[in-house]
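1. Below is the sequence, then the predicted model.
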Amino acid sequence: MKISRRHFVTQGAAFTAALGATQLLQPAAAQAKTLTVYSSRHYNTDNALYSSFTQQTGIKVNLLEGKDDELLERLKSEGARGPADILVTVDAGRLWRAEQMGLLANSSSSVLNQRIPGNLRHPQGKWYGFSKRARVIVYSRDRVNPSQLSTYEDLANARWKDKILVRTSTNIYNVSLIAAMIKQLGAGPTEKWCAALVKNFARSPSGNDTDQIKAVASGEGDLAICNSYYLLRLVKSKDPKDQAIARKLGMFFPNQKTWGTHVNISGAGVVNSSRNKAAAVKFLEHLSSPAAQKFFSEGNNEYPVVKGVALDPVLKRYGSFKEASLNVSIYGGNSAQAIKIADRAGWK
Ligand SMILES: [Fe+2]
């Protein structure tokens with residue numbers, strides 16, 4: 001397992017100044033000297049997030065970075081004696097896995113409940129969403145008129161035969177999408193949808209979301225189902241090759257006239273074995289502050305979850321959209337059924 005450790009003690013003065021002096025920590029939580037954060041995020045902006053917390057509270061942040069599922073395994077094997085206080089990872093389906101493994105503690109915070117919309121956090125506070133990604137349709141601007149696009153359901157229409165690109169069904173992003181479809185449409189219609197969608201695949205699923213986007217640009221298919229931030233990475237890239245790819249593509253938010261675009265989260269929760277739970281909750285509250293929200297979401301070109309936080313200017317160009325109102329905590333519970341449905345439908 002590739003792990004990197006970093007400490008954030010002295011950086012982030014400018015960030016702290018931006019936060020203002022109003023969000024100082026309560027004395028009870030300040031008793032902890034260090035918080036250990038296990039994170040699958042690895043963006044430069046995260047340094048500012050963590051060091052500003054230290055600046056405000058005097059609590060050092062010991063960061064351990066690793067891959068998503070590996071971090072869960074590590075937490076499990078360390079058990080009650082492990083050092084972790086907070087887990088930061090992506091996808092509500094994966095946070096559900098952490099929850100099922102008994103790794104996360106219930107927590108309550110009126111600050112978090114007030115700032116984070118109800119559909120983007122766990123009902124008992126086991127985890128909270130701190131940024132949001134949409135699973136969108138990226139289309140070829142040469143070959144597709146966005147007026148032809150409407151819903152996820154419509155991607156199963158025979159008119160898209162050999163045109164659809166999407167990664168494997170076992171990837172958590174697709175598992176969560178199918179899990180949401182089960183809730184929205186019912187299991188039977190979701191299975192029919194999957195089977196018809198597979199018939200429209202341009203190729204056997206391979207690669208990640210970026211590979212699907214690139215395959216639209218190269219003409220292998222016309223539409224890619226992918227997370228919004230992958231297109232943004234190409235749009236913002238300094239590499240002329242990426243820029244040329246991005247120019248060929250548009251982003252479409254499905255289901256605007258029905259149940260809304262499927263969204264997922266980057267989230268965090270307090271680790272069950274933490275001996276610093278009060279300070280850990282304060283750390284989560286820190287992530288929900290407007291200044292931290294800007295860094296947290298922009299680190300990966302995602303949408304902030306807290307209302308009133310300005311969108312990244314490039315992301316803003318794609319406009320606002322109606323998101324599904326479903327609580328993202330249901331994805332995990334439907335995930336086993338979603339995997340079976342995709343499997344029977346032949347979605348590799
Ligand atoms: Fe991703």
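-> Sure, I can see it. Numbers count the residues shown, from 1 in each chain.

2. CA atoms for contacts and neighbours, from now on please.
-> Will do.

3. which residues of the stretch 1-150 of the chain fall in helices?
-> 13-19, 44-57, 68-78, 92-100, 110-115 (DSSP state H, counting those that start in this stretch).

4. Those: which one's closest to Phe130?
-> Relative to Phe130, the nearest member of the helices of the stretch 1-150 of the chain by C-alpha to C-alpha is helix 110-115, separated by 9.9 Å.

5. That closest one packs against which elements?
-> For helix 110-115, the elements it packs on are helix 277-287, judged by 3 or more C-alpha pairs under 8 Å, 6 or more residues apart in numbering; DSSP states H and E.

6. report the angle between the axes of the helix it packs on and helix 44-57?
-> Taking axes from the mean of the first three to the mean of the last three C-alpha atoms, to 10 degrees, helix 277-287 and helix 44-57 form an angle of 120 degrees between their directions.

7. what packs against helix 277-287?
-> Counting contacts by 3+ C-alpha pairs under 8 Å, 6+ apart, helix 277-287 packs against helix 44-57, helix 110-115, strand 263-270, helix 290-298.

8. what's the closest of these to Lys307?
-> In this view, the helices and strands packed on helix 277-287 are compared for proximity to Lys307 by C-alpha to C-alpha, and helix 110-115 is the closest at 7.4 Å.

9. shaky segments in this structure?
-> By pLDDT under 70, the low-scoring segments of the chain are 1-31.

10. hmm, try it at 50
-> By pLDDT under 50, the low-scoring segments of the chain are 1, 9-30.

11. what about the strands in it?
-> 4-8, 34-39, 60-65, 86-90, 128-140, 164-165, 223-227, 249-252, 263-270, 303-304 (DSSP state E).

12. most tightly surrounded among these?
-> For the strands of the chain, average neighbour numbers computed from mean count of other C-alpha atoms under 10 Å are highest in strand 164-165, which has a mean of 28.

13. what's in contact with it?
-> Where contact means C-alpha atoms under 8 Å, 6 or more residues apart in numbering, the residues beyond strand 164-165 that reach it are 155, 197, 200-203, 205, 212-213, 215-216, 221-225.

14. Quick one: the helices of the stretch 1-150 of the chain as TSV, columns for distance to Glu285 too.
-> Rendered in TSV, the data for the helices of the stretch 1-150 of the chain read as follows (distance: least, C-alpha to C-alpha, whole Å):
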stretch	distance to Glu285
helix 13-19	13
helix 44-57	10
helix 68-78	22
helix 92-100	18
helix 110-115	6
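
15. could those go into CSV alongside mean neighbour count?
-> Output for the helices of the stretch 1-150 of the chain, formatted as CSV (neighbours: other C-alpha atoms under 10 Å):
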stretch, mean neighbour count
helix 13-19, 15
helix 44-57, 21
helix 68-78, 17
helix 92-100, 23
helix 110-115, 15
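
16. who's in contact with the residue nearest to Tyr230 when sequence neighbours are not counted?
-> Distance criterion C-alpha to C-alpha, 6 or more residues apart in numbering; nearest residue to Tyr230, sequence neighbours excluded, is Thr210 at 5.9 Å. If a contact means C-alpha under 8 Å, 6+ apart, then Thr210 has 226, 230-231 as its contacts.

17. how about these in CSV, adding distance to Lys67?
-> As requested, these are exported to CSV (distance: C-alpha to C-alpha, whole Å):
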residue, distance to Lys67
Cys226, 20
Tyr230, 18
Leu231, 22
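
18. Could you tell me the end-to-end distance of stretch 73-89?
-> Terminal residues of stretch 73-89 lie 13 Å apart, using C-alpha to C-alpha, to the nearest Å.

19. gap between that stretch and the chain center?
-> The gap between where stretch 73-89 is centred and where its chain is centred comes out at 20 Å by C-alpha atoms, centre = their mean, to the nearest Å.

20. Just the residues contacting that stretch, thanks.
-> Stretch 73-89 is contacted from outside by 35-41, 68, 95, 101, 103, 266-277, 280, using C-alpha under 8 Å, 6+ apart.

21. do the same with stretch 212-227
-> Stretch 212-227 is contacted by residues 133-140, 143-144, 162-167, 202, 209-210, 231, 245-246, 248-249 when judged by C-alpha under 8 Å, 6+ apart.

22. 7 Å instead, please
-> When contacts are taken as C-alpha atoms under 7 Å, 6 or more residues apart in numbering, the neighbours of stretch 212-227 outside the stretch itself are 133-140, 143, 162-166, 202, 209, 245, 248-249.

23. In a markdown table, list the helices and strands packed on helix 277-287 along with distance to Ser335.
-> Supplementary listing: the helices and strands packed on helix 277-287 in a markdown table, determined by distance: least, C-alpha to C-alpha, whole Å:
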| stretch | distance to Ser335 |
| --- | --- |
| helix 44-57 | 30 |
| helix 110-115 | 26 |
| strand 263-270 | 14 |
| helix 290-298 | 26 |
